[in-house]
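S.K.: My questions are about this predicted structure, shown below with the sequence.
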Amino acid sequence: MGPLLSVLDVRKHYEVRRTLFSVTKETIRAVDGVSFHLGVGETLGVVGESGSGKSTLARCVLLLERPDSGEIVFDNVSLLTAGGEEVKRLRRRMQIIFQDPYSSLNPRMKVREIIAEPVRFHGMAKGRADVEARVGEILRSVGLDEDFLRKYPHEMSGGQRQRVAIGRALATEPALVIADEPVSSLDVSIQAQIVNLFLDIRERSEISMVFVSHDLNIVRFLSDRILVLYKGKVVEIGARDEVFLNPFHPYTRMLIRASQGDFALREEATNGALPLGCPYYDKCEDRKRKCAGEAPELTGDEDHKVACFHAF
């Protein structure tokens with residue numbers, strides 16, 4: 001069986017002014033040649049600092065932003081060349097869960113309507129009784145009882161709202177879910193509950209998941225493989241334990257040390273003008289002259305690849 005999702009050399013660049021009154025523009029390479037595959041039932045963790053391109057990549061995969069170039073193949077269909085009806089058909093099978101559940105839920109709709117809307121739109125149930133039964137089943141599957149059906153988003157806690165958002169995403173029985181920093185806006189005590197919910201969803205279904213986060217500990221807990229982004233580029237990708245127990249790239253090692261509390265991250269991986277060579281050149285303690293003028297390619301085997309001249 002081939003991969004459910006293939007992302008091939010995807011790029012998304014923006015032209016922005018240097019200052020408010022500046023005429024000069026610079027290119028922000030939010031996603032710069034990213035490639036990966038995702039199998040059925042597999043979870044890929046995407047990690048990196050703020051500004052590394054994680055959220056832009058997530059939005060490009062679902063065509064919420066259209067890539068400048070590259071190819072995205074979902075269920076053997078090339079999304080960037082598919083017709084409108086074909087993409088509409090596939091959208092039921094691709095869902096996203098955003099970071100802030102309050103802004104992603106319609107404040108004028110009760111939970112019953114929020115979850116019933118995609119059920120009706122995609123024909124997941126017929127008739128009012130079937131829709132009601134389906135909505136109740138979805139709500140229970142995310143750990144909420146039917147008392148919440150009558151609540152508005154503002155009447156719930158952040159964790160409860162995120163459970164509703166997860167339920168809405170699951171309502172269409174998707175094959176792929178992209179979770180974009182889904183716990184970062186929640187209290188630490190609530191984060192663990194939502195992470196356990198994601199783990200439960202994984203264990204009782206064959207959903208494939210792309211889990212985007214800056215928290216390496218959460219990603220390690222949930223993921224089968226890890227993709228490390230820095231300034232829009234993949235600097236390392238591999239099996240979870242391979243990446244965490246034997247990190248090749250100096251940036252990955254830095255992220256792991258920070259997640260273990262050895263030091264705090266002080267700078268964001270902002271996507272400004274990149275050097276000609278390795279994007280991590282300015283911060284790397286192991287840099288050599290070659291790194292300044294030549295960009296390393298991803299090398300290694302299928303279990304572990306790295307973009308670094310001095311990793312091996």
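M.R.: Done, it's in.
S.K.: mind listing the strands for the stretch 1-150 of the chain?
M.R.: Secondary structure of the stretch 1-150 of the chain (DSSP state E, counting those that start in this stretch): strands at 5-17, 25-38, 43-47, 69-74, 77-78, 94-97.
S.K.: Then the stretch 201-312 of the chain?
M.R.: Using DSSP E, counting those that start in this stretch, strands in the stretch 201-312 of the chain cover 208-213, 225-230, 233-239, 299-301, 304-306.
S.K.: how about stretch 95-103: buried residues?
M.R.: Residues of stretch 95-103 classed as buried by neighbour count (16 or more other C-beta atoms under 10 Å): 95-101. C-beta here means a position set from N, CA and C on the backbone, and glycine is covered the same way.
S.K.: ok, what's across the strand from the residue minimising distance to the centre of the chain?
M.R.: By C-alpha atoms, centre = their mean, the chain has its centre lying nearest to V212, at 3.4 Å. Note on V212: beta-bridge partners V46, D180, judged by DSSP bridges.
S.K.: who touches it in this structure?
M.R.: By C-beta atoms under 8 Å, 6 or more residues apart in numbering, the contact set of V212 is 45-46, 54-55, 57-58, 178-181.
S.K.: cool, E86 as well?
M.R.: E86 neighbours (C-beta under 8 Å, 6+ apart): V77.
S.K.: nearest to V87, of the strands of the stretch 1-150 of the chain?
M.R.: With C-beta to C-beta, the closest approach to V87 among those belongs to strand 77-78: 8.3 Å.
S.K.: Any chance you could list what contacts stretch 289-297?
M.R.: 275-279, 281, 284, 307-309.
S.K.: quick check, nearest of the residues you listed to A133?
M.R.: A307 (50.1 Å).
S.K.: Model confidence for the closest one, exactly?
M.R.: pLDDT recorded at A307 is 94.
S.K.: From the chain's centroid, how far away is the helix or strand of the chain with the lowest mean pLDDT?
M.R.: Every helix and strand in the chain was compared by mean pLDDT, DSSP states H and E; the lowest is helix 101-104, with a mean of 81. From the chain centre to the centre of helix 101-104 is a distance of 17 Å (C-alpha atoms, centre = their mean, to the nearest Å).
S.K.: List the contacts of that helix.
M.R.: By C-beta under 8 Å, 6+ apart, helix 101-104 touches 97-98, 153-154, 158, 161-162, 164-165, 185.
S.K.: what do you get if the cut-off is 6 Å, keeping everything else the same?
M.R.: For helix 101-104, contacts defined as C-beta atoms under 6 Å, 6 or more residues apart in numbering pick out 98, 161-162, 165.
S.K.: before we move on, the earlier item: pull the most distant pair out of the buried residues of stretch 95-103.
M.R.: Q95 and D100 (16.3 Å).
S.K.: circling back to that earlier point, hey, least reliable of the strands of the stretch 201-312 of the chain by pLDDT?
M.R.: Among the strands of the stretch 201-312 of the chain, strand 299-301 scores lowest, with a mean of 91.
S.K.: And it, what's buried?
M.R.: Here strand 299-301 shows G300 as buried, counting by 16+ other C-beta under 10 Å.
S.K.: strands paired with that strand, and their directions?
M.R.: strand 304-306 (antiparallel).
S.K.: ok, residues contacting the strand it pairs with?
M.R.: 236-238, 242, 248-249, 298, 300.
S.K.: one step back: so which of the contacts of stretch 289-297 would you say is closest to L5?
M.R.: Closest to L5, out of all of the contacts of stretch 289-297 and judged by C-beta to C-beta, is A307, at 21.2 Å.
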